[in-house]
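J.: predicted coordinates and the sequence they were generated for:
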Amino acid sequence: MLLRQVHPTWIDDGRPTSQAFTPSPKDHSKLSVYDGDQIEAAEAWRHFTQEQGLSSIGVLAVTVAECVALSVEARPDPAPFKEHAVIDFGALAGNPAKKVGRKLRDKAMDRGWLHRAE
């Protein structure tokens, strides 16, 4: 599982937008995630919000296989911290990236929240 933090502004009418699973241009086509084989969702949320001081209302997840099926690569990226990984959208940008982001979001929502803020 690739654990994705969901920022409060990425919620519309109670549902995460595709922005939660679409990298911004400043991220160089890479979506930051936690490697679920190395850290549990609640601990990833605690790390993100308390140790990094960032905002998240909860954790959703997609699998490596779901990424591969949509032609985006998932790989470890332990430089920032050992549990860090990325989903690399490569050459996708604009509408194609949003379309893949929407599909990843839908897969994650089918699975449901793995952790919610208290």
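T.: Everything's here; your move. Numbers count the residues shown, from 1 in each chain.

J.: residue 13: neighbouring residues, count only.
T.: Neighbour count for residue 13, taken as other CB atoms under 10 Å: 5. In short, each C-beta sits where N, CA and C put it, glycine included.

J.: got it, and the one 3 residues further on?
T.: Other residues within reach of residue 16 by the criterion other CB under 10 Å amount to 21.

J.: which other helices and strands contact the longest helix along the chain?
T.: Ranked by number of residues, the top helix in the chain under DSSP state H is helix 94-111. Helices and strands touching helix 94-111, by 3 or more CB pairs under 8 Å, 6 or more residues apart in numbering; DSSP states H and E, are strand 15-16, strand 58-62, helix 64-69.

J.: quick one: buried residues of it?
T.: Across helix 94-111, burial judged by 16 or more other CB atoms under 10 Å covers 97-98, 100-105, 107-108.

J.: likewise for stretch 20-32?
T.: Applying 16+ other CB under 10 Å to stretch 20-32 flags 20-23, 29-32 as buried.

J.: which among the residues you listed gets closest to residue 86?
T.: residue 30 (4.3 Å; CB to CB).

J.: what residues are up against the closest one?
T.: 23, 77, 86-89 (CB atoms under 8 Å, 6 or more residues apart in numbering).

J.: and what of residue 86?
T.: Contacts of residue 86 (CB under 8 Å, 6+ apart): 30-33, 74-75, 77.

J.: what is the orientation angle of the longest helix of the chain with strand 58-62?
T.: 100 degrees (axes from the mean of the first three to the mean of the last three CA atoms, to 10 degrees).

J.: after helix 94-111 comes which helix or strand?
T.: Counting by DSSP states H and E, the next helix or strand C-terminal to helix 94-111 is strand 115-116.

J.: so how far is that following strand from its chain's centroid?
T.: 14 Å (CA atoms, centre = their mean, to the nearest Å).
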